[in-house]
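A.B. asks: need the 3D shape of this:
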Amino acid sequence: RQALEEGTTERLRAEADFARILGAMDTTRKSEAGDPTLHPGAAKVLATLDREWEGLCRHEEFPELPLDNNPAERVLRNPAVIRK
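C.D. replies: Down below sits the predicted model:
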């Protein structure tokens with residue numbers, strides 16, 4: 001979405017697709033969390049997802065935010081590996 005020019009049909013379509021997919025993910029996670037036969041490990045993962053959902057959805061409002069922190073993790077990795 002971010003790479004597409006603002007106001008173009010491609011950008012509008014990408015934003016609509018993103019909102020639709022995010023909504024589908026939200027619906028699915030809520031329905032799966034209510035399943036009484038859910039494995040305890042899966043329930044724990046879904047509980048964490050529920051707690052962090054607002055932060056994960058922040059990308060919809062601010063597409064310039066990266067979806068991960070890999071660059072920061074890479075910077076911290078060398079000192080940690082060398083220290084060992």
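A.B. asks: ok, how many other residues are close to Thr48?
C.D. replies: Neighbourhood size, Thr48 [other CB atoms under 10 Å]: 10. For glycine as for every other residue, the C-beta is placed from the backbone atoms N, C-alpha and C.
A.B. asks: packing partners for the lengthiest helix in the chain?
C.D. replies: Counting residues, the longest helix in the chain under DSSP state H turns out to be helix 9-33. Here helix 9-33 touches helix 40-61, going by 3 or more CB pairs under 8 Å, 6 or more residues apart in numbering; DSSP states H and E.
A.B. asks: tell me which residues in the helix it packs on are buried?
C.D. replies: Residues Leu46, His59 are the ones in helix 40-61 that count as buried (16 or more other CB atoms under 10 Å).
A.B. asks: list the helices and strands it packs on?
C.D. replies: The elements that helix 40-61 packs onto, with contact taken as 3+ CB pairs under 8 Å, 6+ apart, are helix 9-33.
A.B. asks: orientation of the helix it packs on relative to helix 40-61 in degrees?
C.D. replies: If you take axes from the mean of the first three to the mean of the last three CA atoms, to 10 degrees, helix 9-33 sits at 150 degrees to helix 40-61.
A.B. asks: roughly how far out does helix 9-33 sit from the chain middle?
C.D. replies: 11 Å (CA atoms, centre = their mean, to the nearest Å).
A.B. asks: for it, what is the average pLDDT?
C.D. replies: Confidence for helix 9-33, expressed as mean pLDDT, is 90.
A.B. asks: just to revisit the earlier point, in the longest helix of the chain, which residues are buried?
C.D. replies: Arg11, Ala14.
A.B. asks: stretch 1-11 too?
C.D. replies: Buried-residue list, stretch 1-11, by 16+ other CB under 10 Å: Arg11.
A.B. asks: what's in contact with that stretch?
C.D. replies: Ala14, Glu15, Phe18, Pro63, Glu64 (CB atoms under 8 Å, 6 or more residues apart in numbering).
A.B. asks: could you look up the SS state of Leu65?
C.D. replies: coil (DSSP: H, G, I helix; E, B strand; the rest coil).
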